[in-house]
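Trainee: give me the fold of what follows.
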Amino acid sequence: MVKNGQGAIAELVAPQIENSKSNVIIIDGIRSNAEIEVLRKYGTVKLLAIHASTNTRFGFLKQRGRSDDPQTKENFEERDNREIGVGISNSIALSDETISNNNLTKDELIEHSFKIIEGWIE
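Mentor: Modelled structure (predicted):
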């Protein structure tokens with residue numbers, strides 16, 4: 001049963017972590033310190049923050065084209081404020097590494113991310 005609260009999403013992946021035979025598990029989309037604390041029950045947690053300017057992030061969301069993506073800059077800013085309220089900025093502050101994604105291609109971002117992760121594994 002999933003507990004309520006900011007760590008609830010991490011609780012949902014806990015059974016998959018417990019059943020995994022892998023020594024390395026990558027989880028995308030951490031939003032709060034509560035999620036980090038849940039994940040720390042299962043092993044070492046390293047955080048890679050990927051940062052981009054407001055305009056860049058809004059552009060990415062518009063390109064993504066999901067139905068739940070904010071359609072206006074105002075909606076986007078409201079979404080940002082909600083995520084800040086959940087504590088995403090605190091999680092970013094705890095990151096072990098940060099990548100600026102303002103001027104990277106998708107392939108460059110992936111390459112840079114994997115270099116960092118490979119360094120953690122060695």
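
Trainee: over to the one residue sitting closest to the centre of the chain. Which of the three states is it?
Mentor: Among the residues of the chain, the one closest to the centroid is Gly29, at 2.7 Å (Cα atoms, centre = their mean). Using DSSP: H, G, I helix; E, B strand; the rest coil, the three-state assignment for Gly29 comes out as coil.

Trainee: for it, give me the pLDDT.
Mentor: Looking at Gly29, its pLDDT stands at 88.

Trainee: please apply the same query to Ser32.
Mentor: At Ser32, pLDDT is 90.

Trainee: what about the strand or helix carrying Phe60, distance to the chain center?
Mentor: Taking DSSP states H and E as the criterion, Phe60 maps to helix 54-64. Chain-centre distance of helix 54-64: 16 Å, with Cα atoms, centre = their mean, to the nearest Å.

Trainee: with stretch 98-111 instead?
Mentor: On Cα atoms, centre = their mean, the centre of stretch 98-111 falls 14 Å from that of its chain.
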